[in-house]
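**Student:** kindly return the folded structure for what I paste below:
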Amino acid sequence: MIRRQFIGSAALVGIAGAFGFTKHSNEKNLIHHVFFWLKNPQSEEDKQQLISGLKTLAAIPTVRQFHLGILASTEKREVVDTSWDVSELLFFDDEAGQKIYQDHPIHQDFVKNCSHLWEKVLVYDAIDL
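**Tutor:** The predicted structure is shown next:
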């Protein structure tokens with residue numbers, strides 16, 4: 001029983017560390033979630049061009065974790081928004097890191113080179129409690 005508890009605790013610590021929940025500072029982690037609606041949602045070429053552009057953002061030094069996504073084929077419910085085409089989820093150590101990301105030349109190039117592809121962008125920024 002004790003061994004099982006240890007293994008379970010170790011797994012939880014590993015998961016928490018993977019998501020940055022073990023940080024020991026006064027700074028609060030920031031999560032930046034962006035949703036994109038393509039001008040031509042039926043165009044696989046446009047989607048792939050946007051995805052390629054988004055992948056360049058992972059090279060910005062203040063990005064701690066990076067995830068790109070497309071719609072999952074989960075159960076359709078009233079509370080689930082399925083109107084978007086591509087999303088990115090970025091993790092930063094703090095608000096200063098997110099600001100550096102916004103001003104970084106790689107991000108500026110992404111906006112310049114890919115903004116013609118999207119009709120709408122919606123951003124959700126959240127900070128640790």
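
**Student:** just the element for the most centrally placed residue in the chain, please.
**Tutor:** By CA atoms, centre = their mean, the chain has its centre lying nearest to L89, at 0.7 Å. Element membership of L89 [criterion: DSSP states H and E] is strand 86-92.

**Student:** ok, back up a step: what sits against the residue nearest to the centre of the chain?
**Tutor:** I31, H32, H33, V34, Q65, F66, H67, L68, G69 (CB atoms under 8 Å, 6 or more residues apart in numbering). Every residue, glycine included, has its C-beta placed from N, CA and C.

**Student:** sort out for me which of those are in strands.
**Tutor:** I31, H32, H33, V34, Q65, F66, H67, L68, G69 (DSSP state E).

**Student:** what is the neighbour count of the residue lying closest to the second one once chain neighbours are set aside?
**Tutor:** If the residues on either side of it in the chain are set aside, H32 comes closest to L90, at 4.4 Å by CB to CB, 6 or more residues apart in numbering. By the measure other CB atoms under 10 Å, the count of residues near L90 is 24.
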